[in-house]
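A.B. asks: kindly return the folded structure for what I paste below:
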Amino acid sequence: MHKLYYGIGACSFVPHAALEVIREATGEAYETQLVKLNRKEQATPEFLALNPNGQVPVLVVDGKPVTQIVAICDYLDRKYPQVNLMPADPWRRTEAMSLLAWMNNSVHPTFTHVFMPDKFTDNPEAQAELKRFNTAGYRALLERIQGMVAPADPWLFGDKLSFLDIYALVLFRWGGLAGIDPDTLPQYKAFVERVAKVPAVATALAREGAPLNMYRKPA
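C.D. replies: Below you'll find the model as predicted:
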């Protein structure tokens, strides 16, 4: 039995939705544990015993915790290769892993500088500048992803939904939190709406209860 520790709207949505895809395909159940990030539950001694980094996701496998999106996705793909959450062909799988790593180590941290600039400096003026500078950078990255998803037929790596499609949904949703109007990325928006309609993804979205569109127009 797998147990996923996740936060609402966090990057942990990638394995959350993937576990639903796996459950639907294989019938194998899993457990979830909500970590209330706004209440700092990720900093409790109990959670830090699972992940000293104080981050979600954590996937517990036979009592052993696995952390980091790329490692968790790699494990799930190798455990359930028949579900095709990554391409089976070695070269295509490498391409997908490269893109997954880029989303995780480049796009994701750029958003972190927008959403949590206090992690990088305690100077309010510096925080404001970090947010301003990285918002522009994040938009540029979303535009790059829009160029990738625009020709997807129907998904980034063919006819099988992958971790990459789910991560693209997460990063798009965060654009709204960064003040980026989703209507200014119409092809990306259409792709994400298509991902959200996949029954397993829709189930995970409903469990988390966070809206797909996080954008709020300035007053």
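A.B. asks: what is the lengthiest helix in the chain packed up against?
C.D. replies: For the chain, the helix that runs over the most residues, judged by DSSP state H, is helix 124-149. The contact analysis (3 or more Cβ pairs under 8 Å, 6 or more residues apart in numbering; DSSP states H and E) places helix 124-149 against helix 108-115, helix 163-177, helix 186-196. Yep, even glycine has a C-beta here, placed from its N, CA and C like the rest.
A.B. asks: nearest to residue 203, out of these?
C.D. replies: Across the helices and strands packed on helix 124-149, residue 203 has its closest neighbour in helix 186-196 (10.9 Å, Cβ to Cβ).
A.B. asks: export the helices and strands packed on helix 124-149 to CSV and append columns for mean neighbour count.
C.D. replies: Shown next, in CSV, are these (neighbours: other Cβ atoms under 10 Å):
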stretch, mean neighbour count
helix 108-115, 18
helix 163-177, 24
helix 186-196, 18
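A.B. asks: next, format those as TSV and append distance to residue 136 and mean pLDDT.
C.D. replies: Formatted as TSV, the helices and strands packed on helix 124-149 follow (distance: least, Cβ to Cβ, whole Å; pLDDT from 0 to 100):
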stretch	distance to residue 136	mean pLDDT
helix 108-115	10	97
helix 163-177	12	97
helix 186-196	17	98
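A.B. asks: re earlier: avg pLDDT for the longest helix of the chain?
C.D. replies: Across helix 124-149, pLDDT averages out at 97.
A.B. asks: can you mark which positions in that helix are buried?
C.D. replies: 127, 130-131, 134-135, 138-139, 141-142, 145-146, 149 (16 or more other Cβ atoms under 10 Å).
A.B. asks: break the chain into its domains for me.
C.D. replies: Per the record, the chain has its domains at 2-83, 90-198, by automatic domain parsing.
A.B. asks: one step back: and the helices and strands packed on helix 124-149: which comes nearest residue 41?
C.D. replies: helix 108-115 (18.0 Å).
A.B. asks: touching, residue 61 and residue 75? I think so.
C.D. replies: Yes: contact criterion Cβ atoms under 8 Å: residue 61 and residue 75 qualify, at 7.3 Å.
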